[in-house]
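Visitor: my questions concern the predicted model and sequence given below.
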Amino acid sequence: MKILVDADSCPAEARRVILKAAEKRRVQAIFAANHPIPGIEGGFAVMSLCSEQIGAADDRIVELAMTGDLVITRDVPLASRLTEKGVDVIDDRGRIFTPDNIRAHLSIRDFQVGLATNGMSIIRTANYGKKELKLFSDSFDKLLTKLLHSQPKQ
């Protein structure tokens, strides 16, 4: 089992939670991005540098992810590709993507992209505070625990 992180957009606070959990639970955490992310080195953390090509980090995550892994991304199309593979996916605010809800998330995302394309973007709050971190931490811990307990004993 491994943790894969779409690191380009993952807040530093969430990365710290992931790194701490990887060390504590002795699980490899792979951070995929198009540029180096500070603080990702050693222990159970691996930085996977991808090309500058659009979607390269997403493709790397899909390539590495398997059933039983946990992926953190806020990229809904990437989450869709992963849920199709049977991979557990959450975003950095604790939202869980499943085969049952991914189509609704894709529809909302496509609607928002359509609005933006036509110059009518919605107002977004980019804040990542204690509330968002707590929601993420709770979902992350719950899913990580579930996945670790479902692993075959060695």
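Guide: Okay, I see it. Numbers count the residues shown, from 1 in each chain.

Visitor: settle this for me: residue 88 is touching residue 143, isn't it.
Guide: Yes: if you go by CB atoms under 8 Å, residue 88 and residue 143 touch, sitting 5.5 Å apart. (Glycine included, C-beta is placed from N, CA and C.)

Visitor: residues shared between the contacts of those two?
Guide: Common neighbours of residue 88 and residue 143, using CB atoms under 8 Å, 6 or more residues apart in numbering, are 70, 96.

Visitor: please pull out the lowest mean pLDDT helix or strand from the protein.
Guide: helix 102-117 (a mean of 68; mean pLDDT, DSSP states H and E).

Visitor: so what's the model's average confidence on the helix or strand following it?
Guide: Downstream of helix 102-117, the first helix or strand assigned by DSSP states H and E is helix 130-150. Averaging pLDDT along helix 130-150 gives 95.

Visitor: list the buried residues of helix 130-150.
Guide: 132-133, 135-137, 139-140, 143-144, 147 (16 or more other CB atoms under 10 Å).

Visitor: what packs against it?
Guide: Here helix 130-150 touches helix 12-25, strand 70-72, strand 88-90, going by 3 or more CB pairs under 8 Å, 6 or more residues apart in numbering; DSSP states H and E.

Visitor: kindly recompute the last result at 6 Å.
Guide: Judged by 3 or more CB pairs under 6 Å, 6 or more residues apart in numbering; DSSP states H and E, helix 130-150 is in contact with helix 12-25, strand 70-72.
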